[in-house]
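Peer 1: 3D, please:
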Amino acid sequence: MLLACLRPVAPATGAVRPGSETVTSVGLVSQLVYTKGMSPAMAARTLILCGLVVGVWQTHAEPRAENPIRAARRPVAVIDLTNDQPIRDIAYKLLDLLAAHTELAPPAISDGAALVDKLPPDDDIRISEARKKQQSAEQNLLLRNFREAAIDAVEGQELLLRVTPRAALALYADLALALGQSRLGEKKDIQAREAFALTYRLDPRRTLDDLHYLPEVVQTFESAQQPSQGTGTIAVRGVGRVWIDGEEVGSAPGEFTASFGRHVVWLTGLLRDTAGKEVMVSATRSGDATILDGTLTRPQKVARFRVALSQAQDPAARASAMAALAAFVNVHDAVLLSSVNGRIIYQLWRDQEPGFSAIKDLGHETPAEVLRQLLPPAPVVVPEPPVVHVPVITKRWYQRPRVQIGVAATVVAVIVGGYVWAHTGEPDRAWDSNIVFGSGKQ
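Peer 2: Presented below is the predicted three-dimensional model:
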């Protein structure tokens, strides 16, 4: 029907075309023309019908606006900044409520757990094992088991190479001192001096007294404290922050200046496992510290972001750490839980201004009341336009357009038919070219 509406209508003519036939009705003779066009009456009806069809089609083709408009989803993270059980209990209650909330639920359950669960005690475990190695080395030194003491000291240092430098520094110096004593007992004076020199670099305030150490140990340790006679470089290959002898010196990869002697290099990073290596720098050879990147799981990475946020001191660093955590776990709002003097406090954060809210005492507020402050605005409901009912007006039979058109067509047909019938019997007249007007004669 729509294609028929779009097809052009051929104009109707009064001329008789080949292929037409004569129809006689009630004494009137008319020509019925066979053509590919349509009659004017048919054209009018077709145009009316096509207008209705096109109007209905356009009505259904127009897109409809969404109604009602839903508020944007804003997932919330719950973060325990203390690693304490009472705070963790509150955090679990908040997570239970969030899990059933369509707008506030965090995108990943594992991420939410990593922000609340007890932090993995990797550093604590390694430090504890390294301390046991240090105690075993001292016991072997008392028994003059120098080789066993050296093995214990080296194994303890290897454990500390995977510990945060500042947390490992003092114990690493103790193990270096035990290693120097064992090397001295093995008559390896050069290696003993290197170990004692490293002890002094890691702990410049370290001193030995004659009551606890043998005189040769004290003498060798003091001689190792003499400043080195030259400097070289340490090439660090890897990715992360570079620590040399417990001091942060820059980013890897890169080359860094260091005095002659033995040094310990750590490579740390927010999203990498801590790793380290001992290197030797001399006049003929620079230190080479190639440290491979450790693989971290996603929960471990989330926990690293959490630790970085808890350790941030100034407002700018805290805002940066919070933004990095939110971007990694894909949340827009957060509830930060902590404690002060035994009281549980909380703070809200949004990725929109002003960012952090004021710190509030949890007091008697329930988890539901805390989350209610982060609910998105209520959906905006657009009212539907009212339906207008057009009253149907019933016309009398003689007021209907079809009847009026039929009557008019009948009148026209009678007039035209009468005219044709009146002139049908007249004979053809010859054309007289010498017609004279007026009374004069030719």
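Peer 1: report the contact partners of R241.
Peer 2: Going by C-beta atoms under 8 Å, 6 or more residues apart in numbering, R241 touches E248, G250, S251, A252, L267, T268, G269. To be clear about C-beta, it is placed using only N, CA and C from the backbone, and glycine gets the same treatment.
Peer 1: so the fourth one is in which element?
Peer 2: The reference is to A252. Following DSSP states H and E, one finds A252 within strand 247-259.
Peer 1: show me what secondary structure element comes after that strand.
Peer 2: Under the assignment DSSP H and E, the closest C-terminal helix or strand after strand 247-259 is strand 261-268.
Peer 1: same for that following strand, what does it pack against?
Peer 2: Taking 3 or more C-beta pairs under 8 Å, 6 or more residues apart in numbering; DSSP states H and E as contact, the helices and strands that strand 261-268 lies on are helix 165-185, helix 189-202, strand 231-244, strand 275-281, strand 287-290.
Peer 1: partner strands of it, parallel or antiparallel?
Peer 2: When pairing is defined by DSSP bridges, strand 261-268 lines up against strand 231-244 (antiparallel), strand 275-281 (antiparallel).
Peer 1: state the pLDDT value of S25.
Peer 2: pLDDT recorded at S25 is 36.
Peer 1: next: the one 3 residues further on.
Peer 2: L28 carries a pLDDT score of 32 in this model.
Peer 1: with pLDDT added, can I get the contacts of R241 in CSV?
Peer 2: Output for the contacts of R241, formatted as CSV (pLDDT from 0 to 100):
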residue, pLDDT
E248, 95
G250, 95
S251, 94
A252, 93
L267, 95
T268, 93
G269, 91
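Peer 1: just the buried residues of those residues.
Peer 2: For the contacts of R241, a burial check counting by 16 or more other C-beta atoms under 10 Å picks out A252, L267, T268, G269.
Peer 1: make sure the second one is actually in contact with D273.
Peer 2: Pointing back at L267 there. No: applying C-beta atoms under 8 Å, one finds L267 not in contact with D273, separated by 9.3 Å.
Peer 1: that older thread, T207: which of the contacts of R241 is nearest?
Peer 2: Taking C-beta to C-beta as the measure, T207 lies nearest E248 of the contacts of R241, at 26.2 Å.
Peer 1: how close does the closest one get to A368?
Peer 2: Noted for E248: a distance of 44 Å to A368, by C-beta to C-beta, to the nearest Å.
Peer 1: and this protein, what are its domains?
Peer 2: As given by automatic domain parsing, the domain ranges for the chain are 2-63+391-416, 76-107+297-372, 119-226.
Peer 1: chain center to the last one: distance?
Peer 2: Relative to the mean C-alpha coordinate of its chain, domain 119-226 is positioned 48 Å out (C-alpha atoms, centre = their mean, to the nearest Å).
Peer 1: any regions of the stretch 301-442 of the chain where pLDDT drops low?
Peer 2: Flagging of the stretch 301-442 of the chain using pLDDT under 70 yields the residue ranges 376-380, 395-399, 403, 416, 419-442.
Peer 1: how about a cut-off of 80?
Peer 2: By pLDDT under 80, the low-scoring segments of the stretch 301-442 of the chain are 375-442.
Peer 1: which stretches of it form strands?
Peer 2: Counting by DSSP state E, counting those that start in this stretch, the stretch 301-442 of the chain has these strands, from start to end: 333-340, 343-350, 360-361.
Peer 1: no more questions from me, cheers.
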